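1. structure for the following, please:
(one chain, ligands or ions: 1)
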Amino acid sequence: MTTINWLEETNKLKDELIATTQDFLRIKSVLDPATAGEGAPFGKGIREALDFALDVCKQAGMTTKDVRGYAAHAEFGQGEELVGILSHVDVVPEGDGWSTPPYAAEIVDGKLVARGAIDDKGPTMAAIFAAKVVLGLGLPLSKRVRFIFGTDEESSWQCVKTYFETEEMPTMGFTPDADFPLIYAEKGLTDLTLSQSYEAFQKLGASAVEQADAKLVSFQSGLRMNMVPDKGTAKLAPQGLDSQAIVERYEKHLEQTGLKGQAEAKDSLVVLHMEGVSVHGMDPKKGVNAGTELLHFLHTLTLDARAAVYVAAADCYLHKQHDGQAIGIAHDDEEMGALTLNTGVLEYEAEGDALFRLNIRYPHSISFEKWSTTLADRFAAAAFDLQVVEHLTPHRVDPNHPLVTTLQKVYTEQTGEEAGIIAIGGATYGRSLDVGVAFGPLFPGRPDSAHQRDEYILVDDLVKATAIYAQAIYELAK
Ligand SMILES: [Zn+2]
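-> Numbering: from 1, shown residues only. Predicted coordinates for the structure are as follows:
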């Protein structure tokens, strides 16, 4: 059999690919509850984009099925096994400051600029055109190939949850919704709350503090579990120390540590502000946590009994503890990297709740039960209760699985580059498939414009990705 020049075959469809992608991007498929209804649970724009993708597939000869507008699929080929390609037709809101209108899909300096260009409508169309290349060549397939189009990947993933309640899980598959070469492993993700009610604290029976410097009235830092907080505020009622003395101690602390913040005496209270550096909770050591830094200072004061417990727990287990070492849950994994711990939200009310909200990401070689039990035990000693808010288990496909090795081979053949496989701390759509990886569309070294103003995909990359997906579909399903 003669070898197929996939890029050459793809180039024959180039003009149609670009024009169809532009039309697809011109549909504003942003979540819109106001226009939601039967068959369009996330609004009219998303419904329209879903129909557009299905139409292109139908015209290419695929059979389609709509799952109540939550998701839909388009299928071709034959055989027992099913190769899945999972992508999404919804986009995040466009925001401000674009240099060309976000739904005009203009081509500027070789860039196709539009909301959804790289995430994920451009690559969705690339994958559909890849199938058109395979179909056009009339190549024999021994498996079925199915496009699954999700509709709320950017919000709650109800689409895939609903879809897989009734529809077949592909034998294996990929999602063109992240990076090339290939993401095969994703850490487990947990959002959890450690909270101590006032009643629970009273049951601890901590003895009253005789000579407190101050009483902690309230404490607040952070808004989201997956971000390092960049602001923290503590309100103190001076007792043994006067306002001025507390302000001076804080200012001295800031000077010595190089941290930024302010102190003000206000009415009968002293208010302390700390400024940190906010980064994504995936890699908290790159930031400066304003919340734990401020509690670290408070730990140098003698506070009332309840605050003393709160501040000590934070200082011992959370301050600069990005890997859970002090808690006893630090765990490194050669493949997937270390467990990471981010203290994203810290709140304290003297007569109300005291809490920490954490985002913990862990590799597959430590069990959720193991680390969460240890964490719960540590904080139970201070009357904190652990509640899991959200938990996604680690996702990993064996690096020797034919899905991985085949896609690596395809990538290398077409780019001439080595296809190193990647493990990440985040989550891709690939984890919705039992055996699923993320494969493109962003090539190594390209800036990621997803979710930003002037989102774009290079036209050349759109074509290149299409050629790669065409060979991938053929090699996986042949
Ligand atoms: Zn996406």
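2. what sits against Ile468?
-> 6, 130, 180, 410-411, 414-415, 440 (C-beta atoms under 8 Å, 6 or more residues apart in numbering). C-beta here means a position set from N, CA and C on the backbone, and glycine is covered the same way.
3. so which of these sit within helices?
-> Mapping the contacts of Ile468 onto helices (DSSP state H) picks out 6, 130, 410-411, 414-415.
4. of the residues you listed, which is the most crowded?
-> Of all the ones in helices among the contacts of Ile468, the highest neighbour tally under other C-beta atoms under 10 Å goes to Ala130, namely 29 neighbours.
5. got a list of what that one touches?
-> 10, 466-470, 472-473.
6. from those residues, pick the one nearest the ion.
-> The ion has its nearest neighbour among the contacts of Ala130 in Tyr469, at 15.8 Å by C-beta to the ion.
7. torsion angles phi and psi at the closest one?
-> phi -60, psi -30 (degrees, to the nearest 10).
8. which pLDDT value belongs to it?
-> As predicted, Tyr469 sits at a pLDDT of 98.
9. that one - nearest residue in space that isn't next to it in sequence?
-> Ala130 (3.5 Å; C-beta to C-beta, 6 or more residues apart in numbering).
10. distance check, the one you found against the ion.
-> Ala130 sits at a distance of 18 Å from the ion (criterion: C-beta to the ion, to the nearest Å).
11. skip the chain neighbours and tell me the closest residue to Ser195.
-> Using C-beta to C-beta, 6+ apart, the closest residue to Ser195 is Leu355 (4.0 Å).
12. residues from this protein in reach of the ion?
-> Within reach of the ion by C-beta under 5 Å from the ion, the chain has these residues: 119-120, 177.
13. quick one, strands of the stretch 1-150 of the chain?
-> 63-67, 71-77, 82-88, 106-108, 111-113, 144-150 (DSSP state E, counting those that start in this stretch).
14. make TSV out of those and add mean pLDDT, distance to Leu318 and mean neighbour count.
-> Converted to TSV, the strands of the stretch 1-150 of the chain look like this (pLDDT from 0 to 100; distance: least, C-beta to C-beta, whole Å; neighbours: other C-beta atoms under 10 Å):
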stretch	mean pLDDT	distance to Leu318	mean neighbour count
strand 63-67	98	43	15
strand 71-77	98	40	23
strand 82-88	98	35	26
strand 106-108	98	47	13
strand 111-113	98	42	22
strand 144-150	98	36	26
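15. between those strands, which gets nearest to Glu455?
-> Among the strands of the stretch 1-150 of the chain, strand 111-113 comes nearest to Glu455, with 7.0 Å by C-beta to C-beta.
16. packing partners for the closest one?
-> Packing partners of strand 111-113 (3 or more C-beta pairs under 8 Å, 6 or more residues apart in numbering; DSSP states H and E): helix 14-25, strand 106-108, strand 456-458, helix 459-477.
17. that one pairs with which strands, and in what direction?
-> Partners of strand 111-113 in the sheet, by DSSP bridges, are strand 106-108 (antiparallel), strand 456-458 (antiparallel).
18. dump those strands to a markdown table, plus distance to Gly95.
-> As requested, those are arranged in a markdown table below (distance: least, C-beta to C-beta, whole Å):
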| stretch | distance to Gly95 |
| --- | --- |
| strand 106-108 | 17 |
| strand 456-458 | 15 |
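19. which one of the residues in the stretch 301-450 of the chain is closest to the ion?
-> For the stretch 301-450 of the chain, C-beta to the ion, closest residue to the ion: Tyr429, 6.3 Å.
20. please apply the same query to the stretch 151-300 of the chain.
-> Taking C-beta to the ion, the stretch 151-300 of the chain has Asp177 as its residue nearest the ion, at 4.2 Å.
21. mind listing the helices for the stretch 201-350 of the chain?
-> Secondary structure of the stretch 201-350 of the chain, counting by DSSP state H, counting those that start in this stretch: helices at 243-257, 290-298, 305-317.
22. follow-up on the earlier one: buried subset of the contacts of Ala130?
-> 10, 466-470, 472-473 (16 or more other C-beta atoms under 10 Å).
23. mind checking pLDDT for Ile422?
-> So Ile422 comes in at 94 (pLDDT).
24. wait, isn't it in contact with Phe180?
-> No. With contacts counted by C-beta atoms under 8 Å, Ile422 stays clear of Phe180, the gap being 9.4 Å.
25. what about those two, which has more around it?
-> Ranked by neighbour count (other C-beta under 10 Å), Ile422 and Phe180 place Phe180 first, with 24 against 17.
26. cross-check the contact I'm expecting between that one and Gly445.
-> No. Using C-beta under 8 Å, Phe180 is not in contact with Gly445, being 10.2 Å away.
27. show me the contacts for the residue nearest to Ser195.
-> 193-196, 345-348, 384.
28. thinking again about what came up before, same list, the strands of the stretch 1-150 of the chain, but as TSV with distance to Asp323 please.
-> What follows is the strands of the stretch 1-150 of the chain, written out as TSV (distance: least, C-beta to C-beta, whole Å):
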stretch	distance to Asp323
strand 63-67	41
strand 71-77	38
strand 82-88	32
strand 106-108	44
strand 111-113	40
strand 144-150	33
